[in-house]
Structure formats: structure tokens, C-alpha cells
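Generate a structure from the sequence data that follows.
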Amino acid sequence: MSNKSTSKTTTRRKFLAGAALTGAATIAMPQISRAQTATLKMQTSWPATDIFTEMAQQYVERVNSMAGGRLKIDLLHGGAVVHPFQVLDGVHGGQIDAAHTVTVYWYGKHKAASLFGTGPVFGFNANEGLGWIHNGGGKELFEELQTQIMKLNVKSFFVMPMPTQPLGWFKKPIAGPNDIKGMKYRTVGLAADLFQAMGAAVAQLPGGEIVPAMERGVIDAFEFNNPTSDRRFGSQNVAKNYMLGSHHQATEYFEIMFNRTKFNSLPKEHQAILQYAAESASSANEWLAMRQYSDDLQDLINKEKVNVLRTPKDVFDAQIKAWDGLIAQLAGDPFMKKVMDSQKAWVRKVVYYNMLNATDYKGAFNHHFPGVLKI
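From the prediction side, this is the model:
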């Protein structure tokens, strides 16, 4: 082989080797995050055994998986650093980086907080309420509440459209609104104002304290959220009458909150992961609830021999009347009126469409399961 041929061959080999290296770099480099590794401490407002802790874990798993080790959330149970009702203060002050909670737990700082979860019943369900938050002006109004009105160093996302919360657990079935008068009853947020307007004496307690309070006689009756949480708390051991359906908390969502300074210091791709993992977890939470809540309701009926009843219509009517009085009071605050007006505008068009268009699910259910639904 001539020197000229050898030279050409050597040059070609060098070119191919260089191209291979360049190609490998081109393929590999985008897979390597240059973002700084960060670990966030997130505390929940829930006991370790509550299904809400599982739902918080679903969010954490999604963040940790998508971030590829460059962003990690460590999940702490309720009370690990701050009281379950004090996570807003903990996140705002930086004692914890993040929290998994509900806005109603800090409505004592501003009653508008309860409008973003457990507010008046205008006719929308929780899925429609999340629609309002994401596409009807809700998140902008919440940002105004956080940053302009309350001056909070907090950034929040909403997840999990919760089913209607039961009226609750009672020693005797509730036959009408008069049975609520004088009762020592546990609830939270604007629902506390509602039941006070209906004549009850209200105690606001975190989930883990409810059953012990019932055992000590501090309360006569209570609600928390759903059949699974209620069963795990041992509600069936302190009361045997479970009333389903209520206007006191017809909708609610989890609030996943972050210290805003900490959130803003993260790379944009990490901020996006925290946001979009919330949307993903919202669906996962709801699908988990569909199975688990219905399974536990059947177990409460069949294994625990709980008397499960539908709340009487005149209780619903009394709640609507009580809400009317509260709405008039709340509307005295210009911001709260703006929020409620925004919700009603959303309901007027979205719920109108959904109700007019929805098929007759009850009729179909009764056709296939005659005699099961006794309402």
C-alpha cells in the first residue's frame, strides 16, 4: 500500500473516530442534568396511617422519579416538625420547605382560604372546581390572596378533586336540622361557621385527634372526609350511624405548598416537575380514592355493621339557607365577593352544560342494580 493510501486511510479513521465521539456526546449530553441537586423537606397534615399520606406519597414518587436524582422530596408525617394546622407558618417561615395540606386548615388567618376548597355550595363538584382554579381565574385569585393580601412567602398547587364529604358520624341518626342544634360537632373552615349558624357548638380538630375527643365526650359527633380515613381512624368504634351527603364540604382539594423563595431558587425544569407532578398526582389520587373509598364503605356496612344512611333532604335545605346567610356576610369583604362572583360565573356556564348534558346515571344504576340504591 502506498504512503498516499495509508495517509488517506489514517485520515478517514480519525474522521470516523471523531464523528463517533461527537455523536456519542450529542446523544448523551441532553440526558445529563446540569441542575444542582436539591432535597426538599415536605410535611403533611396527616397521620402516617391515613390514606391522605398515601396520596402525598404518590406526588413525592412522581417528583422523585421524574427528577432523576437531581431533585428529591423527603416526606414527613403530620406533627413531625410543626402542628398539622401550622404547616402554612412552617412553610412561610422556612422551618419546612413544603407541605401537603388543605387551605381550610389555615382559614383562621383569612376566611378566603376556605373559598379555595370548602366554600359555599353554588352547584359545582370538585372536578368542576379544579377546572375553575386552572381555567376560570381561580389560581390567579389565589395568587392575589397569597402575595398581595397576605404577603405569604408561599407558592401552591391544587390537586385531587375530593368527593362530597359525609355529614358524618352520630350516636343517633339525624332525622332533621333540629337534631343538630346544641350538638358538639367537629368540622373545620367555613363549615364551622355553617354549623354554628345551624345551632351546633363546633370544635376544630385535626384528623388524628377526632376519635379520642369523641371517646372523652369533648364532641358528640364529627365529620372528617371519607370512608377510608374514617375507618382507619376507628370512627366505627365510637359511633354506628354514618350519614352520607352534605352541603358543608361539597368540594375540597389538597394544597401542595412550597416556600416561595426556595421554589424560585430551583432550576426552571425542577419548578416544572413540581407543577406537573401535581397534575399527575391529582388523577392518581382520584383513581385511588374511587377504589379504596368504595371498598371501605362496603366493609363499614358489611363487616363493621355501621348504619349507613343518606342525609335527609330538609338538612340539605337548611344548609343551603344557612349558606345564604354566610354568603351575605362574606360578601362584605371585596376580595371574597370577587372570588365568589368568579365561581358563580363559572358555575353558570360550566355546570349548566354538564347538568343539561349528563346522562341519567341513577336510572342506569337502578336498572342494573334494582333495590340497591335506597334513595
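
Wait, V121 touches D317, no?
No - V121 is beyond contact range of D317, at 11.7 Å (criterion: C-beta atoms under 8 Å). For glycine as for every other residue, the C-beta is placed from the backbone atoms N, C-alpha and C.

And the helices in the stretch 201-350 of the chain?
For the stretch 201-350 of the chain, the helices defined by DSSP state H, counting those that start in this stretch occupy 210-215, 227-233, 260-265, 268-302, 313-330, 334-346.

Burial-wise, tell me which of the ones you listed comes out on top.
Of the helices of the stretch 201-350 of the chain, the one with the most neighbours on average (mean count of other C-beta atoms under 10 Å) is helix 227-233, at a mean of 23.

Contacts for it, please.
49-52, 166, 169, 207-208, 210-211, 224, 236, 242, 289, 292-297, 299-300, 304 (C-beta atoms under 8 Å, 6 or more residues apart in numbering).

Give the helix, strand or coil label for the closest residue to A98 other than its chain neighbours.
Leaving out its chain neighbours, the residue that sits closest to A98 by C-beta to C-beta, 6 or more residues apart in numbering is M42, at 3.9 Å. What DSSP: H, G, I helix; E, B strand; the rest coil gives for M42 is strand.

quick one: contacts for M42?
56, 60, 73-76, 96-100.

mind listing which of those residues are in helices?
56, 60 (DSSP state H).

Save the contacts of M42 as TSV, and put in neighbour count and distance to A126 too.
Compiled in TSV, the contacts of M42 are given as follows (neighbours: other C-beta atoms under 10 Å; distance: C-beta to C-beta, whole Å):
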residue	neighbour count	distance to A126
A56	29	18
V60	20	22
I73	25	24
D74	13	29
L75	20	24
L76	19	26
I96	24	26
D97	21	27
A98	30	23
A99	32	20
H100	27	17
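
List just the nearest of the contacts of M42 to I273.
Nearest to I273 among the contacts of M42: I73, at 10.2 Å, using C-beta to C-beta.

In contact with that closest one, which residues?
Here I73 is in contact with 39-42, 59-60, 63-64, 98 (C-beta under 8 Å, 6+ apart).

For V81, find the nearest of the helices of the stretch 201-350 of the chain.
helix 260-265 (14.8 Å).

Now do the helix or strand containing Y185: distance to the chain's middle.
Using DSSP states H and E, Y185 falls within strand 184-186. Its chain's average C-alpha position is 23 Å from that of strand 184-186, according to C-alpha atoms, centre = their mean, to the nearest Å.

From the contact counts, what lies against it?
strand 201-203, strand 221-222 (3 or more C-beta pairs under 8 Å, 6 or more residues apart in numbering; DSSP states H and E).

what's next to the last one, contact-wise?
Right, strand 221-222. By C-beta under 8 Å, 6+ apart, strand 221-222 touches 168-171, 183-187, 205, 210, 213-214, 235, 239.

Any quick PyMOL command for the buried ones out of these?
This is how PyMOL selects the buried members of those, with burial counted by 16 or more other C-beta atoms under 10 Å:
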select buried, resi 168+169+170+183+184+185+186+187+205+210+213+214+235+239
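
Closest one to H248 out of the contacts of strand 221-222, please.
When the contacts of strand 221-222 are compared against H248 (criterion: C-beta to C-beta), the nearest one is T187, at 6.3 Å.

Pull the contacting residues for that closest one.
T187 neighbours (C-beta under 8 Å, 6+ apart): 168, 195, 202, 204, 222-223, 248-249.

again with F335
So F335 contacts 112, 144-145, 149 (C-beta under 8 Å, 6+ apart).

So which of these sit within helices?
Those of the contacts of F335 lying in helices (DSSP H): none at all.

now, which of the residues you listed sits nearest Y361?
The closest of the contacts of F335, once distances to Y361 are taken by C-beta to C-beta, is A112, at 33.8 Å.

how much space between the closest one and L356?
31 Å (C-beta to C-beta, to the nearest Å).

So which of these two has more stuff around it?
A112 (24 against 7; other C-beta atoms under 10 Å).

how close does Y352 get to N264?
Counting by C-beta to C-beta, the gap from Y352 to N264 is 39 Å.

Let me fix that, I meant to ask about Q57.
Applying C-beta to C-beta to Q57 and N264 gives a distance of 26 Å.

Which two of the contacts of strand 221-222 have the greatest separation?
Longest span within these, C-beta to C-beta: K171 and L205, 17.7 Å.

What about the closest residue in space to T261 that isn't next to it in sequence, how many residues nearby?
Leaving aside its sequence neighbours, T261 sits nearest to N153 (C-beta to C-beta, 6+ apart; 5.9 Å). N153: 17 surrounding residues under other C-beta under 10 Å.

Please spell out the PyMOL selection for the buried subset of the contacts of F335.
A single PyMOL command selects the buried members of the contacts of F335 (16+ other C-beta under 10 Å):
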select buried, resi 112+145
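
export the contacts of F335 to a markdown table and tack on distance to K313 and pLDDT?
Formatted as a markdown table, these follow (distance: C-beta to C-beta, whole Å; pLDDT from 0 to 100):
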| residue | distance to K313 | pLDDT |
| --- | --- | --- |
| A112 | 30 | 96 |
| E144 | 38 | 98 |
| L145 | 35 | 98 |
| I149 | 38 | 98 |
